[in-house]
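Undergrad: have a look at this fold, sequence not included:
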């Protein structure tokens, strides 16, 4: 009996991680993640995998397994469940983090908490979560025991020897699977180009503590709200320095509350106060832990950098600690926030000028160690841009893995006996955009139009036409937006050209579509000649 894994996202990009494992006609999804929009995706809020082919096979979809609680692995889950509502398996914290968006969307979900290192059965699927170290607690790899052998997905991981929670990547468990035999390995490729080992999460603790201890005024620390271990280290440093803590940002409040209730985040009673009460304390007793490490325009850190924050007005005694690395696509926004914070006089400490951040993804030597333990018969690198996948594939070949395939979104790998086959472009796997509240309504053509509007502007040409005779009764009246500062002269010339074109076009005067074409061509020709621009031209024909 052959099995297959179809990739809907995460291969060739950072985000949208989603793979579909099919056994005996039934399908299990490994993660349903989102991607944050790139700079050219104007107006887009989030980007999802394309699961349309699964909607067509809705009765065959059995379950979702989540490896961990990051948005790029579970952020699209709510919208998926709205289309295909199946049981969702994961650790307790992972499901709690995932439940926020699901509840917001009003979807009733069947969340099933499972323990790590215990086999779970559901239909033809038998799977087990295996502990790994990452930048969110309770991260997991997932192993599927299939009729064609073991299929192992690493999830996001690193080989941290001294994790904050004392819970390292379970190398003995992976070695045991390797001895048993792993038919196919799918593994995290994010840092495959980075030499050596990624430093331990605990290595940033002392530098953070030194910065907070030495700060003379307030400290504003920004990090991912899901990075509970980073939050813990920042909080511990603040408490040791005699500071009170306030959390700011909806996700920060929610995730720290969840982590506290589960006993994952440990904060002494009385150490956390409301942000209003924090402001009443002397500056050297204040520590604000907030969201906004990615330069989000309405996050607290961005508002502070613009002088628009409700509670915090920055001054020269303030220290801002950004303990996170920009997600690809956010570099410009983060750089702008840092510059604006410094412009307001604050001292800014971040990953490029101090050791206040480490990655949650394994570097080259860690990946080689992992490959050596697992020793798969076939390997497909996942999670990363194409260059990351290619670098990870090279490592696998050096380790003697016989079959290594670098795939892309939409591709499928089929395991059939001793054969491992690849089917290219097996399913649609393009970007699906969340724009406002609509999913999938915006296509690439719409984004091209938005880009065109942003680059060249728009000109609206309004003309009144007598329905019977085709004579011009009003206009042409031209109005431009975003084309140029003083467009009057150009628009007057374009109006004359439109009037002449309509007058000379006897046969098409009462044909609405023909009139629109005539107006668009006449106005466009003049504007291009005068300005070398190609604005979007919208003809408005009013029949009288």
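TA: In hand now; what should we look at? Remember, it's a predicted structure, so these values are computed and weren't measured experimentally.

Undergrad: any low-confidence regions in the protein?
TA: 38-44, 435-456, 467-470, 483-485, 505-512, 544 (pLDDT under 70).

Undergrad: can we see that at 90?
TA: 1, 35-47, 100-101, 104-106, 249-250, 295-300, 307-313, 325-333, 418, 430-544 (pLDDT under 90).

Undergrad: contacting residues for the closest residue to residue 202 other than its chain neighbours?
TA: With Cβ to Cβ, 6 or more residues apart in numbering as the criterion, residue 202 has its nearest non-adjacent residue at 4.6 Å, and that residue is residue 162. Bear in mind the C-beta positions are built from the backbone N, C-alpha and C, glycine included. For residue 162, the contact set (Cβ atoms under 8 Å, 6 or more residues apart in numbering) comprises 168, 200, 201, 202.

Undergrad: what sits up against the strand or helix carrying residue 19?
TA: Using DSSP states H and E, residue 19 maps to strand 18-23. Contacts to strand 18-23, defined as Cβ under 8 Å, 6+ apart, come from residues 1, 3-10, 27-33, 49, 51, 54, 60, 76, 124-125, 144, 146-147, 151, 153, 186, 382.

Undergrad: show me the beta-bridge partners of residue 30.
TA: Bridge pairing for residue 30 (DSSP bridges) gives the partners residue 19, residue 65.

Undergrad: which one of the contacts of residue 162 is nearest residue 350?
TA: residue 201 (17.1 Å; Cβ to Cβ).

Undergrad: right, and residue 68 touches residue 139 too?
TA: Yes. Assessed by Cβ atoms under 8 Å, residue 68 is found in contact with residue 139 at 3.8 Å.

Undergrad: joint contacts of the two?
TA: By Cβ under 8 Å, 6+ apart, the residues touching both residue 68 and residue 139 are 94, 155, 156.

Undergrad: from those, which single one is nearest residue 286?
TA: For those, the nearest to residue 286 is residue 94 (32.6 Å; Cβ to Cβ).

Undergrad: tell me the secondary structure of that closest one, please.
TA: Reduced to three states with DSSP: H, G, I helix; E, B strand; the rest coil, the structure at residue 94 is helix.

Undergrad: pretty sure it contacts residue 70?
TA: No. Residue 94 is beyond contact range of residue 70, at 9.2 Å (criterion: Cβ under 8 Å).

Undergrad: quick check: neighbours shared by those two?
TA: Between them, residue 94 and residue 70 share no contacting residue, judged by Cβ under 8 Å, 6+ apart.

Undergrad: by contact count, what packs against the longest helix along the chain?
TA: Secondary structure of the chain per DSSP state H: the longest helix is helix 512-531. The elements that helix 512-531 packs onto, with contact taken as 3 or more Cβ pairs under 8 Å, 6 or more residues apart in numbering; DSSP states H and E, are strand 458-465, helix 488-503, strand 536-543.

Undergrad: quick one: closest of those to residue 302.
TA: strand 458-465 (28.7 Å).

Undergrad: and the closest one, what does it pack against?
TA: By 3+ Cβ pairs under 8 Å, 6+ apart, strand 458-465 packs against strand 472-481, helix 488-503, helix 512-531, strand 536-543.

Undergrad: would you turn those into JSON lines with mean neighbour count and distance to residue 286?
TA: As requested, these are arranged in JSON lines below (neighbours: other Cβ atoms under 10 Å; distance: least, Cβ to Cβ, whole Å):
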{"stretch": "strand 472-481", "mean neighbour count": "17", "distance to residue 286": "45"}
{"stretch": "helix 488-503", "mean neighbour count": "17", "distance to residue 286": "55"}
{"stretch": "helix 512-531", "mean neighbour count": "18", "distance to residue 286": "53"}
{"stretch": "strand 536-543", "mean neighbour count": "17", "distance to residue 286": "50"}
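
Undergrad: let me have the ones you listed in TSV, extended by distance to residue 278.
TA: Listed next are the helices and strands packed on strand 458-465 as TSV, based on distance: least, Cβ to Cβ, whole Å:
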stretch	distance to residue 278
strand 472-481	44
helix 488-503	54
helix 512-531	54
strand 536-543	49
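
Undergrad: for the ones you listed, which one sits closest to residue 399?
TA: strand 536-543 (53.7 Å).

Undergrad: that closest one versus helix 488-503: what angle between them?
TA: Inter-element angle recorded for strand 536-543 and helix 488-503: 50 degrees (by axes from the mean of the first three to the mean of the last three Cα atoms, to 10 degrees).

Undergrad: quick one: strand 536-543 to strand 472-481, angle?
TA: Using the same axes, to 10 degrees: strand 536-543 against strand 472-481 is 150 degrees.

Undergrad: quick one: list the elements packing against strand 536-543.
TA: Strand 536-543 packs on helix 444-456, strand 458-465, helix 512-531, going by 3+ Cβ pairs under 8 Å, 6+ apart.

Undergrad: thinking again about what came up before, on the three-state scheme, the residue nearest to residue 202 is what?
TA: At residue 162 the chain is in coil, as set by three-state DSSP.

Undergrad: quick one: it from residue 100, how far?
TA: 30 Å (Cβ to Cβ, to the nearest Å).

Undergrad: just residue 271 next, same as before
TA: Separation of residue 271 from residue 100 (Cβ to Cβ): 25 Å.

Undergrad: also residue 2?
TA: 38 Å.

Undergrad: over to residue 148?
TA: On the measure of Cβ to Cβ, residue 148 and residue 100 end up 37 Å apart.

Undergrad: looking at these two, which has the bigger crowd around it?
TA: residue 148 (20 against 16; other Cβ atoms under 10 Å).

Undergrad: what sits against the residue lying closest to residue 66 once chain neighbours are set aside?
TA: Counting by Cβ to Cβ, 6+ apart, the nearest residue to residue 66 once its immediate chain neighbours are dropped is residue 90, at 3.8 Å. Contact analysis of residue 90 by Cβ under 8 Å, 6+ apart lists 65, 66, 67, 68, 69, 74, 98, 111, 113, 114, 129, 140.
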